[in-house]
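A.B. asks: A predicted structure for the sequence below; I have some questions about it.
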Amino acid sequence: MSVVDALVGELRELVFRGDLAAGTRVSEAALAERFQVARPSVRAALQALVQSGLLYREPNRSVYVPRLGPEDVRDLFAVRTLLEVDAVHTLARRGIRPAPAMRALRQLEALTDDDGWHEVVAHDLALHRALVDGVGSPRMSRVYAGITDEIRLCITQLRFSYQSPRQIAEEHRELVEEVCSGDADRAVAACRGHLEASERILLTGHA
């Protein structure tokens with residue numbers, strides 16, 4: 001792993017854990033000092049995170065952590081729904097049961113109330129990404145990967161009511177079982193219902 005890749009990973013976790021909160025300005029000099037790396041490496045890492053949507057950069061201003069709101073939720077979930085609904089329809093119709101999705105589900109089910117919210121979100125999105133990747137379309141996977149960081153940031157920042165890992169795992173097991181049923185219509189209905197409920201919780205704070 002390169003210095004830049006390692007730094008990208010460290011900064012992503014700082015954002016997702018809330019150590020770099022919404023609105024925080026990110027200083028190249030401070031990060032170079034903190035991680036004992038050269039400023040060009042920091043600059044490259046920040047640029048990678050700007051491209052993923054995890055950080056924003058305004059002209060002639062420093063990089064900062066964006067504060068996502070309702071319009072961001074609606075836009076992200078509109079794109080997310082298009083991709084995921086098509087993915088689960090394809091998986092069910094073709095009888096594909098992606099092993100990575102099943103592994104992600106087991107990891108989600110293994111979480112306890114002692115695990116942090118950032119871990120719950122990470123395993124949640126790993127499962128959804130595995131469903132999309134299961135289609136076997138590099139382009140679809142690339143598009144979905146391009147919005148994953150923003151989706152995770154959105155869920156991290158806008159979680160108003162906490163659901164236990166067990167409840168979240170149960171909801172995802174229901175989704176996976178419908179996808180594995182081979183009934184494309186049921187899989188699509190389950191996916192739409194799951195995403196609509198998630199969006200509603202983020203927008204209103206309750207189911």
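C.D. replies: The structure has been received and is ready for your questions.

A.B. asks: what's the pLDDT at the residue nearest to residue 69 when sequence neighbours are not counted?
C.D. replies: Using Cβ to Cβ, 6 or more residues apart in numbering and skipping residues adjacent in sequence, the residue nearest residue 69 is residue 158, 7.9 Å away. (C-beta placed from N, C-alpha, C; glycine too.) The per-residue pLDDT reported for residue 158 equals 70.

A.B. asks: count of residues packed around residue 158?
C.D. replies: 18 (other Cβ atoms under 10 Å).

A.B. asks: quick check: it touching residue 200?
C.D. replies: No - distance between residue 158 and residue 200: 11.8 Å, which falls outside the contact criterion (Cβ atoms under 8 Å).

A.B. asks: for this protein, which helix extends over the most residues?
C.D. replies: Ranked by number of residues, the top helix in the chain under DSSP state H is helix 70-94.

A.B. asks: list the buried ones in that one?
C.D. replies: Of the residues in helix 70-94, those buried under the neighbour-count criterion (16 or more other Cβ atoms under 10 Å) are 72-73, 76-77, 80-81, 83-92.

A.B. asks: which residues touch that helix?
C.D. replies: Residues external to helix 70-94 that are found in contact with it (Cβ atoms under 8 Å, 6 or more residues apart in numbering): 96-98, 128, 131-132, 134-135, 140, 143-144, 147, 150-151, 154, 158, 175, 178-184, 186-188, 190-192, 195, 198-199, 202-203.
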